[in-house]
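> Here is my input, please return the structure:
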Amino acid sequence: MSLKVQISDDMKAAMRAKDSARLSALRLLLAAIKQREVDDRIELDDAAVVAVVDKMLKQRRDSVAQYEAAQRFDLASAERFEIDVLTAYKPAGLSTEQITTIIDTAVATTGASTPADMGKLMAAIKPQLAGKADMTEVSRLVKSRLGN
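This next block holds a predicted model:
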């Protein structure tokens with residue numbers, strides 16, 4: 001079963017269960033997927049759907065930080081619920097040790113040694129980790145590895 005079909009089935013289940021908060025989050029996700037399909041005139045595969053989920057998760061995390069800074073804990077709580085719903089559609093991520101191993105291999109192959117080489121190193125790492133790891137965390141690990 002494709003990820004898009006699973007999300008659609010989960011939306012129908014949320015409708016039947018009258019779970020309005022979950023239903024709202026799933027409708028937002030399906031709308032974002034459909035918008036991307038219309039914009040790009042393609043049918044999204046699972047990897048592209050995960051990319052949409054990642055983008056939405058990043059938006060929600062930014063919103064939580066802003067709501068908490070503004071003392072709007074009710075809105076932050078709603079965003080956290082959406083984060084929980086969206087996280088269910090991400091594949092299992094790699095552990096920090098696995099990410100570090102990939103970074104070490106990329107450092108050996110690219111010869112990166114200074115913070116100026118970060119772009120070259122990230123370009124080598126990104127295809128291997130896209131959708132499997134939080135790229136913000138990967139960036140932090142790369143910076144620490146290069147002594148930045």
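
> which stretches of the chain form strands?
Ranges of strands in the chain, per DSSP state E: none exist.

> Check what pLDDT S20 gets.
Per-residue pLDDT puts S20 at 96.

> Quick one: residues contacting it.
Applying C-beta atoms under 8 Å, 6 or more residues apart in numbering to S20 gives no contacts. C-beta coordinates here come from the backbone N, C-alpha and C atoms, glycine included.

> I'd like the distance between it and D62.
24 Å (C-beta to C-beta, to the nearest Å).

> if I look at L75, how far off is L28?
From L75 to L28 the distance is 15 Å (C-beta to C-beta).

> Ok, A112 next?
39 Å.

> Equivalent analysis for T101, please.
For T101 relative to L28 (C-beta to C-beta), the value is 36 Å.

> cool, E82 as well?
Counting by C-beta to C-beta - E82 and L28 are separated by 7 Å.

> ok, now D117?
Relative to L28, and taking C-beta to C-beta, D117 is found at 39 Å.

> and what of I7?
11 Å.

> which one of these two has more residues nearby?
I7 (21 against 15; other C-beta atoms under 10 Å).

> surely that one meets L29?
Yes. Between I7 and L29 there is a contact under C-beta atoms under 8 Å: 6.0 Å.

> okay, and the common contacts of the two?
With C-beta under 8 Å, 6+ apart, I7 and L29 have common neighbours Y89.

> separation between the residue most central in space within the chain and E82?
The chain has D54 as the residue nearest its centroid, 2.2 Å off, counting by C-alpha atoms, centre = their mean. Distance of D54 to E82, computed by C-beta to C-beta: 14 Å.

> What does the pLDDT read for N148?
pLDDT, N148: 63.

> can I get the CA coordinates of the longest helix along the chain in PDB?
For the chain, the helix with the greatest residue count under DSSP state H is helix 46-69. Extracted C-alpha coordinates of helix 46-69, given in PDB (Å, rounded to 0.1, in the frame of the first residue of the first chain):
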ATOM      1  CA  ASP A  46       6.400   7.600  -1.400                       C
ATOM      2  CA  ALA A  47       9.700   9.400  -1.300                       C
ATOM      3  CA  ALA A  48       8.100  12.700  -2.500                       C
ATOM      4  CA  VAL A  49       5.200  12.200   0.000                       C
ATOM      5  CA  VAL A  50       7.800  11.900   2.800                       C
ATOM      6  CA  ALA A  51       9.400  15.100   1.600                       C
ATOM      7  CA  VAL A  52       6.000  16.800   1.900                       C
ATOM      8  CA  VAL A  53       5.600  15.400   5.400                       C
ATOM      9  CA  ASP A  54       9.200  16.600   6.300                       C
ATOM     10  CA  LYS A  55       8.300  20.100   5.100                       C
ATOM     11  CA  MET A  56       5.100  20.200   7.100                       C
ATOM     12  CA  LEU A  57       6.900  18.900  10.200                       C
ATOM     13  CA  LYS A  58       9.500  21.700   9.900                       C
ATOM     14  CA  GLN A  59       6.700  24.300   9.600                       C
ATOM     15  CA  ARG A  60       5.000  22.900  12.700                       C
ATOM     16  CA  ARG A  61       8.200  22.900  14.700                       C
ATOM     17  CA  ASP A  62       8.800  26.500  13.800                       C
ATOM     18  CA  SER A  63       5.300  27.400  14.800                       C
ATOM     19  CA  VAL A  64       5.600  25.700  18.200                       C
ATOM     20  CA  ALA A  65       8.700  27.700  18.900                       C
ATOM     21  CA  GLN A  66       7.000  30.900  17.900                       C
ATOM     22  CA  TYR A  67       3.800  30.100  19.900                       C
ATOM     23  CA  GLU A  68       5.800  29.300  23.000                       C
ATOM     24  CA  ALA A  69       7.800  32.500  22.700                       C
END
